[in-house]
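[1] sequence first, then the predicted structure, then my questions.
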Amino acid sequence: VQLVESGGGSVQAGGSLRLSCEASGFSYGDYSIGWFRQAPGKEREGVSCISSRDGTTYAESVKGRFTISRDNAKNTVYLQMNSLKPEDTAVYYCAADLAMCGIFFGVVIDYWGQGTQITVSS
């Protein structure tokens with residue numbers, strides 16, 4: 001099982017980045033795929049989730065700025081991040097679980113990616 005993230009980097013506040021998460025080694029279509037992030041000195045928090053069963057979920061802090069989507073033909077999930085803020089700086093992790101998005105942020109996740117750094121400067 002692999003979840004491979006790409007698209008991280010550094011950007012100035014107000015800028016945009018798009019993260020990608022390519023999945024392999026499991027029944028991709030059965031799983032909810034989401035993103036978590038962890039800033040230095042803080043706990044890991046849920047950012048967004050997408051599922052064929054119950055749609056999408058976003059943390060309040062990113063609603064209206066981030067958009068999650070999936071390309072099932074490519075087994076890839078994207079996180080488009082616009083209007084980035086310094087407080088979005090963190091390591092972003094892709095995650096996959098059989099749980100629906102409604103509870104995704106609170107379950108023990110089956111699979112994790114290695115993480116990718118996002119740094120937003122003011």
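    Ah, there it is. Numbering: from 1, shown residues only.
[2] secondary structure class for residue 83?
    Using DSSP: H, G, I helix; E, B strand; the rest coil, the three-state assignment for residue 83 comes out as coil.
[3] ok, it - how many residues close by?
    By the other CB atoms under 10 Å criterion, the neighbourhood of residue 83 contains 13 residues. To be clear about C-beta, it is placed using only N, CA and C from the backbone, and glycine gets the same treatment.
[4] that one reaches residue 17, doesn't it?
    No - between residue 83 and residue 17 no contact is recorded; they are 11.0 Å apart, counting by CB atoms under 8 Å.
[5] could you pull up phi and psi at the residue at minimal distance from the centre of the chain?
    Nearest to the geometric centre of the chain sits residue 35, at 2.2 Å (CA atoms, centre = their mean). Dihedral angles of residue 35 (phi, psi; degrees, to the nearest 10) stand at phi -130, psi 140.
[6] which strand residues bridge the residue nearest to residue 105 when sequence neighbours are not counted?
    Of all residues beyond its chain neighbours, the one nearest residue 105 is residue 46 (3.1 Å), with distances taken as CB to CB, 6 or more residues apart in numbering. Residues found in beta-bridge contact with residue 46 (criterion: DSSP bridges) are residue 36.
[7] what's the neighbour count on residue 46?
    For residue 46, the tally of surrounding residues (other CB under 10 Å) stands at 19.
[8] residue 29 in helix, strand or coil?
    Going by three-state DSSP: residue 29 is helix.
[9] how near is it to residue 78?
    According to CB to CB, to the nearest Å, residue 29 stands 16 Å off from residue 78.
[10] compare these two and say which is more crowded by neighbours.
    When residue 29 and residue 78 are compared for neighbours, residue 78 comes out ahead with 19 against 10, by other CB under 10 Å.
[11] and that one, what does it touch?
    By CB atoms under 8 Å, 6 or more residues apart in numbering, the residues touching residue 78 are 18, 19, 20, 21, 68, 69, 70, 71.
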